[in-house]
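**Q** Okay, predicted coordinates and the sequence, questions at the end:
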Amino acid sequence: MNIKLILWPATRAVREIATRLISLWNRLPGAGTLETDAYALTSQKLPAAFHGLRIVQLTDLHGRSFGEKQKTLLDYVSHLHPDIVVLTGDLIAEKYDGQERKAVQDLLQGLAQRYPVYAILGNHESRSRKKNAVIADCEKAGIVLLRNKGAYLWRRGVCIGLAGMETVNPSPADTALSTKIEEHAALQETLSRYQHEKKPAFQILLAHKPELLQTYAEYGVDLILAGHAHGGLMKIPFSGGKCVLAPGQGFFPRYTHGIYQEKNTLMVLGRGLGGPRIGIRPEVVCIDLYAEKKAKG
């Protein structure tokens, strides 16, 4: 029995059905309307100087346009009045030319003119032959690109850490063990500055892949901001919000969107702005951080 001959038509049929469903979803009124998921997070480790810090997170644009020169998206972010904006990977889709590149450039330039912006590369950038073009566009716009390195945010003489981990893309020859070793090495490099210089009381990590939460938690990071899952691509009707599939996790993924906790590490996972999706609207994440007073004992 030729298994490939049986599976190939089935796979092609599934792809055709999925493409038609996505096309139908995109035509529905409001399917492309932006919405906000807002989170208020408290921590005893956050310095009082950063009480009320507002972070807006954008992820997985995949070259999508929201109005002329991204005006719709930029205005939407403006109404949230962020202190900083973070981009957690996959700005691009595939080719990164023409309209796709213009959409990314418009967003980068529009954001950087208004706010401090920090970004990481996702799997689409890391594996792309246009990777250097993406990096150049970020630098030209004035974006702080965190490629396995940490930065400091300062307020009134105190600081918190903001680090960014570049996405590890395993090759076909890599084993699960070698990939895990590479991921640990990238994370160690990312956080090494805090071991050799001033260690911040509170650490934020921008990391594209949510499925590595357990690994991130081993390093004692306080807050992870991630993307990649696209909200689970498609909601299952009448399932209480369960989703079908996520990159890197397969069917019925554990991490789709929202807040997750592993040990003392919190992760905020955004649904993203672009890419294929059914029943999942594009999202802007808004995070407010509050310093919690330690109880006197």
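**A** Nice, thanks for sending it over.
**Q** which stretches of the chain have low pLDDT?
**A** Residues of the chain that meet the criterion pLDDT under 70 lie in 1-31, 170-175, 232-245, 276-279, 294-297.
**Q** same thing but at 90, please
**A** Residues of the chain that meet the criterion pLDDT under 90 lie in 1-33, 94-95, 123, 126-127, 167-186, 192-199, 228-257, 274-281, 292-297.
**Q** Would you state the strands of the stretch 101-250 of the chain in chain order?
**A** Shown for the stretch 101-250 of the chain, the strands assigned by DSSP state E, counting those that start in this stretch span residues 117-120, 144-145, 149-155, 158-165, 203-207, 223-226, 245-246, 250-251.
**Q** Could you dump those strands into TSV and include mean neighbour count and distance to Ala38?
**A** Every C-beta, even on glycine, is put in place using the N, C-alpha and C of the backbone. TSV is the format used below for these (neighbours: other CB atoms under 10 Å; distance: least, CB to CB, whole Å):
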stretch	mean neighbour count	distance to Ala38
strand 117-120	26	20
strand 144-145	18	24
strand 149-155	16	21
strand 158-165	23	20
strand 203-207	25	17
strand 223-226	26	14
strand 245-246	20	22
strand 250-251	10	29
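**Q** right, so of those strands, which gets closest to Glu197?
**A** For the strands of the stretch 101-250 of the chain, proximity to Glu197 was assessed by CB to CB; strand 149-155 is nearest, at 8.4 Å.
**Q** just checking, what packs against that closest one?
**A** On a contact count with 3 or more CB pairs under 8 Å, 6 or more residues apart in numbering; DSSP states H and E, strand 149-155 meets strand 158-165, helix 176-196.
**Q** run the last query once more with 10 Å
**A** Applying 3 or more CB pairs under 10 Å, 6 or more residues apart in numbering; DSSP states H and E, we find strand 149-155 packed against strand 158-165, helix 176-196, strand 203-207.
**Q** now stretch 152-168, how far from the centre of its chain.
**A** 16 Å (CA atoms, centre = their mean, to the nearest Å).
**Q** ugh, typo on my part, it should be stretch 44-64
**A** Worked out by CA atoms, centre = their mean, stretch 44-64 lies 11 Å from the chain centre.
**Q** For that stretch, buried residues please.
**A** Using 16 or more other CB atoms under 10 Å as the test for burial, stretch 44-64 gives 46-47, 49-50, 53, 55-64.
**Q** Need the CA coordinates for it. PDB is fine.
**A** Taking C-alpha atoms only, stretch 44-64 is exported to PDB below (Å, rounded to 0.1, in the frame of the first residue of the first chain):
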ATOM      1  CA  GLN A  44       6.600  42.600  45.000                       C
ATOM      2  CA  LYS A  45       9.900  42.600  43.000                       C
ATOM      3  CA  LEU A  46       8.900  45.600  40.800                       C
ATOM      4  CA  PRO A  47      10.500  48.800  42.000                       C
ATOM      5  CA  ALA A  48       8.100  51.500  43.100                       C
ATOM      6  CA  ALA A  49       9.500  53.800  40.400                       C
ATOM      7  CA  PHE A  50       7.900  51.500  37.800                       C
ATOM      8  CA  HIS A  51       4.500  51.400  39.400                       C
ATOM      9  CA  GLY A  52       2.000  51.900  36.600                       C
ATOM     10  CA  LEU A  53       4.400  51.100  33.700                       C
ATOM     11  CA  ARG A  54       2.300  50.500  30.600                       C
ATOM     12  CA  ILE A  55       3.700  48.100  27.900                       C
ATOM     13  CA  VAL A  56       1.900  47.600  24.600                       C
ATOM     14  CA  GLN A  57       2.900  44.400  22.900                       C
ATOM     15  CA  LEU A  58       2.500  43.700  19.200                       C
ATOM     16  CA  THR A  59       3.300  40.300  17.700                       C
ATOM     17  CA  ASP A  60       3.100  38.300  14.500                       C
ATOM     18  CA  LEU A  61       2.200  41.100  12.100                       C
ATOM     19  CA  HIS A  62       3.300  38.900   9.100                       C
ATOM     20  CA  GLY A  63       3.300  41.900   6.800                       C
ATOM     21  CA  ARG A  64      -0.300  42.800   7.300                       C
END
